Structure formats: C-alpha cells, structure tokens
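Novice: need a 3D model of the following:
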Amino acid sequence: MSGHACSFLRPYLYTALKLGRGQAYGRFFDAVCRRQSSSTGSAAASQKPEVPSVLLKEGSRAGKNSKTDGSLRSLDPHEEYKRRFTQLEGIGQQKELYPRLKAESGHNDSPAHFKHSFDSLKDGEKRHDVKVTVCGKVRASRSSSSKLLFLDIWDNEEKVQGVCDWQSLEAAGIVKEQFSSFRKSINKGDWFSITGYPYRTNAGELSVFVTQLPQLLAPNLHQLPESVEDENTLARNKHLHLIIDRKARETLRVRHVVETSIMSFLHDRDFLRVQTPLLGHGAGGATARPFITTATDFQDQKLELRIAPELFLKRLVVGSMGRVYEMGPAFRNEGIDATHNPEFTICEFYQPFASLADLMHTTEQLFAHLLRSISSRLMKDQGSPVLGDKEEGMQEDDVTGPYNVLEFIPTLESIISKRLDSAGWRIPDLSLPKASQELQQLFERLGARLPTNPTLPRLLDELSSLYIEPLCVKPTWITHHPVALSPLAKGFTDEMSGQQIAARAELFIEGKEYVNCYEEENDPFVQRKKFEMQRSFRSEDDAEISDRIDENYLECLEWGLPPTGGWGCGVDRLVMLFSGTKRIQDVLSFGTLRNVVSMGKEWRR
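Specialist: Take a look at the predicted model:
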C-alpha cells in the first residue's frame, strides 16, 4: 500500500520509542491502515477515509436507527491514533507502552482488596508506614489545578481514588513538565497502577496518595463511548459492551453465582460431579437435531455432539457411583431465538432411590437457595441493577414452596371441555393407532393450527403449549405426561383416565420451562419398547435425528439400574430468570451463535 497512509505516525513513534519498539508499532499501524484502505477502496490513499457510522465520541450516542455491520472503529487513524500517540509520547519515563509489572509478586492490589484492607481508616487518617500499589482501569481524571490531579481507577465494580500532587512528586524527581505531560496523556479506559500510601480524605474518600508517577500498564487507543445503542455493534464487540454497561457485567456475575450455588447445593447433598463425553456415536438422551461431524481416526463414522448427558450419567449410576451430576455444554442444531441457542449449558443430576415427589421438593429447595445466594453475594450494593427492581428477577415470595401442580391430562380435558362447550370431553385413548388422527380432528374443532409433521408427541406438546403452559405464571409443576412424551421415564396406568402416563414433572414459570425431572425407566425390556415407540413417531423432517436404538445402553440396564430420579435444567434460562433478563444472549459471555459467528467474519465497513 502507499506509504502516505502511515507517514503521519513516524515522527511520533520514532521520537518516543526505541528503534525496535518503533518498528513493531509501525508494522502494527501499517496493518491498521491496510485494513482501513481495504474497506474504503483506493480513494483512501488520496483523502481521509470516511468516519464509520458507528463512530462515537465520548458522551455521544449511536442513533437507534444507525445502520452498521457491527464493526467498531473509535476514530480513523488520521485523528484518534495520532492523538493518542502524541499524548503517550509525553510520558518521559515510559519506554514501553505495555510493560511487565515491576513490583514483587503479591504486592499489586485490586481496588476491592485495598478497600477491604483499609476500610477502617478514619476521615483525615494517613498511613505513611504502609506502601501500596493498586491496579485498575481509569474511570475518570479530574484536575483541580495544574499541580493536583485526582485519578479514579476501578476494577470489578470497585473504585479507588489516586491523589497526584506534583509538589509531593517533585521530591521523587518528577519535573513539572513531565507531570503536565502525564496529566494530559491520560485516557478513559487506560490501565494504570498507582503507588503510594493509603489515607482517607477529610470528605471520607478512601484514597491512595501517590508517591511516584502512576505507571501506564496498557493504553486504551480508542475514544471510549458512554453508551452504544446499536445492538449489532455491542454483539460484535462484547468487550466494549462490558466496559460501558454495568448490567451486562452484573448479569455474568449472577451466572457465576447461579452455577457455583448449584454445585455447592449438590455437593452438600453428597452428589459427585463428573464429566461425560461431548462427542460420540449418537447424541443420546433426548430428541433433537444434532450437530454431525467426523474425526480423523473415524472417517467412516458419523459423530455427533451430545444433546444431553443423560444416558452416560445413568451408566455411572449402574456402575455404583451413587448420586452423580454434570454441569456442562450441550448442542442442538436448531433455531436461535430469545430463549434458545444451539450451544447451551445444562445441569443434570441422578439420585438413586429418589421419587418424583423427592425431585420436586429438592427443586423448590434449590430455587430458594439460589435466591438467597444471589441476594447475599450481589445485593450488598443497593444500586445494583440486577435484582434491584422488584419488577425484575425472582423474589422470595415467588420461590417459597410448595408450588402449584397441574396434572397434564385432567387439566387439558377440563380446559378443552369448556372451549368446546362439551362437558366431560375426554382425550382419546393414546395407546390406539387412531389417537393421532382424532387429535388432529380436535385441532380442527378448536380452530388451532396443526404443528409441522403432526405426530402424536408433537400434537400433545402443542396442546400443552396452547392451553396448559400459559396457566403457569407463578412456579407451577405440570405432572404425569402421556408416555408418548416421556420415553425415558417410568410409566404407569392412571386409575382415573386409564391412560398410560409417566412419573414426570416439568417446572414452568411465566409460561417457560425451567426444570424437567422424572423417575427413570430401569426395565430394559420396557425401555426397548419405548425406544421402538419413539422411533415410530419419526417424521420425514427428522431425517437427521438418529433412529438407532442404543443397544449398548439397553445392555447396561441389564446390569441393574436401581430406582432412580433424574433431574435436568437449562442453566442459561435459570440465569435469565434470576437476573430478570429477557434474552438468552445477555446471559452468555459472547452472546448467541449468531453473535459468535459474526465476530469471526472479515472486517467490513
């Protein structure tokens, strides 16, 4: 490319930096400008490139209707990079922009640790006998005069004020011009370490009175916006989203508390945490379209990413491992929406000799435990945006059990009887071949749209979605599903209806499913029949869903699976529930698969 694009940088780079470092940064900015010119065309060599529509100066906002592909540039190189390196040039003692920490190991404190260590200081008290170094990101800098600078640095939601008084720094050999240049070079978002002694101002602000010029650890080369409204930009630049949006950071902390609290809850009940394969011959444990791939050593075999760890975990119970659980990723090659992502986190546990009632009671205890944990660990700050509003997230009254219970068949029969104005209407015998046809006729009478490929399980599931799940605003159990919906659950005959039903319960809140649990089918002969029944329900659209009966699992059952209760929960949805967020992308560190894929695309304008 033309040398003109980077010519402005050379005076600034080679004046302030040693030759080796200057060459490295020169190559870096050559790359920056090549990226710039490749997106703006050949005209970039003869004129300033157009400032991107997502350009934000500090304190400004991107318009809600601004069109952008999600790429983010603070300012074009002819302005922002030149300005920043001109400022950095003025730090006389700074030979490198990204130095190693020079302090001894263990002597670099976080703002939180500093505040915890010296919170007992009284107003006006100073500790000249103690030297501290605190590291963090610059949130703000304020000058009360040319000789006095206040520097706010923060990390992990804690802030510490650094007081830089040139008259005190002069004794350490800092000349006024050096101090002035340093003061002008500070950029919001820079990482700094400040060294000095702790004291509390007369106004009560816990601070570090610096005794040497603060050290730049990593500069921010962009103008940091106060807000960005374009969601595509935030999705492709998660680091920026986290920097400017406290709620985004707090939501990920809620996730951490949810996950660790589940693990501690199960640990206290003698569950063993295990890991099972993510990749294997058959996804197993649920009905969903899997991700299919191959491996170098098995080119002639189709491998699948797991859609659930269930069958592996029950093998461990057969192997006398007792209570086991796993929390980890699962994959379903299906759609992306507000509550679904192809990659998600699931938690499943299996407890020998636990009944359905035991599983439901344990769930209610767990939800209460989660709310207590979140409240105690994240609600110390009254201004916390997460769970700080009674309208957001779960509250104590919501999780206090026992929860409402709706039995699947009686509830559905009652609702449909009223809709058809036909007292005593009953669901057809679901064990008969004509059941599917009769349910399709029912949809026509109700004026409801048939699901795609209306198999018996899909018809029943759709009826539940239309008429039962909307009743579940407060935490509510839907229990005793037809066996066609529960091929891995223990079945029995309902004395009232004569239907074959499963010892299964699903927990719904605000119409969304959060927990699925049941007593496991442990009879290998009955399980085979259920696998065959499940295979008979496959439609043409299910070509990618394996119809292979897992003979290895059936053989495993022949060794004896004790009566066992199984429990599963989508962790992402659980975090959404307790943080009050409405989109699954907000509780994932880098958003949905759509966001992740867009991050890997070539830089576009």
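Novice: drop to CA atoms for contacts and neighbour counts, all remaining ones
Specialist: OK.
Novice: shouldn't Arg426 be in contact with Ile415?
Specialist: No - counting by Cα atoms under 8 Å, Arg426 sits too far from Ile415 to count as a contact (10.7 Å).
Novice: how about stretch 287-298: buried residues?
Specialist: Neighbour counts over stretch 287-298 (16 or more other Cα atoms under 10 Å) mark 287-292 as buried.
Novice: which of these fall within strands?
Specialist: Among the buried residues of stretch 287-298, DSSP state E puts Ile292 in strands.
Novice: would you reformat the buried residues of stretch 287-298 as TSV and include pLDDT?
Specialist: Shown next, in TSV, are the buried residues of stretch 287-298 (pLDDT from 0 to 100):
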residue	pLDDT
Thr287	76
Ala288	81
Arg289	87
Pro290	88
Phe291	91
Ile292	91
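Novice: could you dump the buried residues of stretch 287-298 into JSON lines and include distance to Ser181?
Specialist: Shown next, in JSON lines, are the buried residues of stretch 287-298 (distance: Cα to Cα, whole Å):
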{"residue": "Thr287", "distance to Ser181": "65"}
{"residue": "Ala288", "distance to Ser181": "62"}
{"residue": "Arg289", "distance to Ser181": "61"}
{"residue": "Pro290", "distance to Ser181": "59"}
{"residue": "Phe291", "distance to Ser181": "56"}
{"residue": "Ile292", "distance to Ser181": "58"}
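Novice: from the buried residues of stretch 287-298, which is closest to Leu234?
Specialist: Leu234 has its nearest neighbour among the buried residues of stretch 287-298 in Phe291, at 27.7 Å by Cα to Cα.
Novice: do I have it right that the closest one meets Lys302?
Specialist: No - using Cα under 8 Å, Phe291 is not in contact with Lys302, being 10.2 Å away.
Novice: give me the low-pLDDT residue ranges for the stretch 251-400 of the chain?
Specialist: 283, 285, 379-394 (pLDDT under 70).
Novice: identify the residues contacting Gly280.
Specialist: Contacts for Gly280 (Cα atoms under 8 Å, 6 or more residues apart in numbering) come out as 303-306.
Novice: list just the nearest of those to Met321.
Specialist: Arg306 (21.5 Å).
Novice: Thr287 is in contact with that closest one, correct?
Specialist: No - assessed by Cα under 8 Å, Arg306 is found out of contact with Thr287, at 10.9 Å.
Novice: what's the first helix or strand after the lengthiest strand in the chain?
Specialist: Longest strand of the chain, by residue count under DSSP E: strand 132-145. Following strand 132-145 in sequence order, the next helix or strand is strand 148-155 (DSSP states H and E).
Novice: tell me the strands beside that next one, with direction?
Specialist: strand 132-145 (antiparallel), strand 158-165 (antiparallel) (DSSP bridges).
Novice: could I get the full set of strands for the stretch 451-600 of the chain?
Specialist: 476-479, 491-493, 500-502, 504-509, 512-519, 564-570 (DSSP state E, counting those that start in this stretch).
Novice: so can I have JSON lines of the strands paired with strand 148-155 showing mean pLDDT and distance to His361?
Specialist: Output for those, formatted as JSON lines (pLDDT from 0 to 100; distance: least, Cα to Cα, whole Å):
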{"stretch": "strand 132-145", "mean pLDDT": "92", "distance to His361": "45"}
{"stretch": "strand 158-165", "mean pLDDT": "94", "distance to His361": "39"}
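Novice: tell me which of these sits nearest to Leu356.
Specialist: The nearest among these, by Cα to Cα, is strand 158-165 at 44.9 Å.
Novice: next, the buried residues of that closest one.
Specialist: Of all the residues in strand 158-165, those buried under the rule 16+ other Cα under 10 Å are 159-165.
Novice: please tabulate these in CSV, including the columns distance to Thr592.
Specialist: CSV is the format used below for those (distance: Cα to Cα, whole Å):
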residue, distance to Thr592
Lys159, 31
Val160, 35
Gln161, 37
Gly162, 39
Val163, 43
Cys164, 44
Asp165, 48
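Novice: quick check, nearest of those residues to Asp119?
Specialist: Closest approach between these and Asp119, by Cα to Cα: Val160, at 11.6 Å.
Novice: now that closest one: how far from Trp166?
Specialist: Distance, Val160 to Trp166, by Cα to Cα, to the nearest Å: 19 Å.
Novice: same question for His113.
Specialist: Taking Cα to Cα, one finds His113 at 27 Å from Trp166.
Novice: and those two? which has more neighbours close in?
Specialist: For His113 versus Trp166, neighbours defined as other Cα atoms under 10 Å are more numerous around Trp166 (23 against 13).
Novice: right, and that one touches Lys147 too?
Specialist: Yes - using Cα under 8 Å, Trp166 is in contact with Lys147, at 5.1 Å.
Novice: okay, domains of this protein per the record?
Specialist: Annotated domains of the chain cover 4-91+225-243, 108-218, 245-599 [automatic domain parsing].
Novice: so which of those comes closest to Pro99?
Specialist: The closest of the domains of the chain to Pro99 is domain 108-218. By Cα to Cα, the value is 6.1 Å.
Novice: what about that closest one, how long is it end to end?
Specialist: Terminal residues of domain 108-218 lie 15 Å apart, using Cα to Cα.
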